[in-house]
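Asks: here's my sequence, what's the structure:
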Amino acid sequence: GGLPRQGPRAGDRLPDTPAGLQRRIAGPGYHLLLTGPAHHWPQDLSLGERHGLLSVHHLGTRSPWPGVTQALVRPDGHVGHLARGTDLRALRAYLDRWLPAP
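Replies: Take a look at the predicted model:
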């Protein structure tokens, strides 16, 4: 995967780009943003027992990052985890450290 070359980085506040993105993730908890065509992403992301704490949003091609990217936005509105591609192992490790399953 690696990091996207464009767009906000981990630690940055998520911009309202495209317009309305902030409103879309306004609910409490963590928000996983998946970009690129939906068929790239598995139906079951296997993120453990975090259903009430984590919302998944498929942004398609209208996102702050080009291509296929995954970004986890923390409750404070900042990007916590960011990676290109569909390999979710690093995301799962991040979640295990900062948001352990109940």
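
Asks: just give me the longest helix of the chain.
Replies: Longest among the helix segments of the chain by residue count, using DSSP state H, is helix 89-98.

Asks: in that helix, what counts as buried?
Replies: 91, 94-95 (16 or more other Cβ atoms under 10 Å). The way it works is simple: take the backbone N, C-alpha and C, and place the C-beta from them, glycine included.

Asks: how far does that helix sit from the chain's center?
Replies: Its chain's C-alpha centre and that of helix 89-98 lie 12 Å apart, by Cα atoms, centre = their mean, to the nearest Å.

Asks: got the contact list for it?
Replies: 1, 32, 46-48, 50, 54, 70, 72, 80-81, 83, 101 (Cβ atoms under 8 Å, 6 or more residues apart in numbering).

Asks: what do you get for stretch 24-38?
Replies: For stretch 24-38, the external contacting residues (Cβ under 8 Å, 6+ apart) are 14, 41, 45, 47, 50, 52-61, 63, 65, 67-75, 80, 91, 99.

Asks: check which residues of it are buried.
Replies: Neighbour counts over stretch 24-38 (16+ other Cβ under 10 Å) mark 25, 30-36 as buried.

Asks: report the two of the residues you listed separated the most.
Replies: 30 and 36 (20.0 Å; Cβ to Cβ).

Asks: out of the contacts of helix 89-98, who has the most neighbours?
Replies: Most neighbours among those, by other Cβ atoms under 10 Å: residue 70, with 25 neighbours.

Asks: who's in contact with it?
Replies: 32-35, 81-86, 88, 91.

Asks: out of the residues you listed, who's nearest residue 7?
Replies: For the contacts of residue 70, the nearest to residue 7 is residue 82 (8.3 Å; Cβ to Cβ).

Asks: assumed that closest one was part of a strand.
Replies: Yes. Under DSSP: H, G, I helix; E, B strand; the rest coil, residue 82 falls within a strand.
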